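Asker: When you get a sec, could you give me coordinates for this:
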Amino acid sequence: MRPISSLVFTCLLTLTATAGAQTTAPTLEERMSQAEFHAAGLDKLSPEELAQLNAWLSAHGGAVRYVTSGGAAVFDTDQGERNVIETSIDGSFLGWNGRTEFKLANGQRWAQSESGHFDAGRMDSPKVRIKPMMLGSWLMVVEGCGCSVRVRRVQ
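Answerer: Residues are numbered from 1 along each chain as shown. Here you go, the predicted structure:
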């Protein structure tokens, strides 16, 4: 974790503790990959500005998605319901290589949406949990390997 992210996270934890028992949404730093965070220009914000943005997003509810429109970063609210999906990989799982597509037992297909490689060895039909993240992204957590990757639904 970057030092600024640590500082912002600590500040947000302090704010959360003083706000009472309210549940707060995860911060942008927790929801976005480093590449997305940088592409949106959020790394240029001061810790105070980033804390204010996170507080605003939390207070206004609903998911917010990051959309690239002609190379420009645009924030758009997503009012659709996004639920956690629990299923398993249909067949063998080896990891991902930058352009991996995952066929799930429930018939859905999801593709890796971030760069990177991970060798998980060979796992047969591991359980997965795909959970909605901020800015319209999704995170697939694979049971048994302690690994996760950002994904997007393709079917």
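Asker: For E101, see how far away the nearest residue to M32 once chain neighbours are set aside is.
Answerer: Among residues not flanking M32 along the chain, L135 sits closest, at 6.2 Å (C-beta to C-beta, 6 or more residues apart in numbering). Quick note: C-beta positions are derived from backbone N, CA and C, even for glycine. From L135 across to E101, the span is 22 Å (C-beta to C-beta, to the nearest Å).
Asker: just A55 next, same as before
Answerer: 37 Å.
Asker: Of the two, which one has the most company?
Answerer: A55 (18 against 12; other C-beta atoms under 10 Å).
Asker: tell me the SS of that one?
Answerer: helix (DSSP: H, G, I helix; E, B strand; the rest coil).
Asker: gap between it and L28?
Answerer: From A55 over to L28 (counting by C-beta to C-beta), the distance is 11 Å.
Asker: Surely the residue nearest to M32 and S33 touch.
Answerer: No - counting by C-beta atoms under 8 Å, L135 does not reach S33; the two are 10.3 Å apart.
Asker: In the protein, what residue spans correspond to strands?
Answerer: 63-69, 72-78, 85-88, 92-96, 101-103, 109-112, 118-124, 127-132, 138-142, 147-153 (DSSP state E).
Asker: I'd like to know which of those strands is closest to G41.
Answerer: strand 72-78 (6.3 Å; C-beta to C-beta).
Asker: quick one: average confidence on the closest one?
Answerer: Averaging pLDDT along strand 72-78 yields 45.
Asker: And stretch 101-115, by the same measure?
Answerer: On average, stretch 101-115 scores 94.
Asker: Any idea how far apart the tips of that stretch sit?
Answerer: 13 Å (C-alpha to C-alpha, to the nearest Å).
Asker: next one: stretch 110-119
Answerer: 18 Å.
Asker: again, but for stretch 27-39
Answerer: First-to-last distance for stretch 27-39 - C-alpha to C-alpha - comes to 16 Å.
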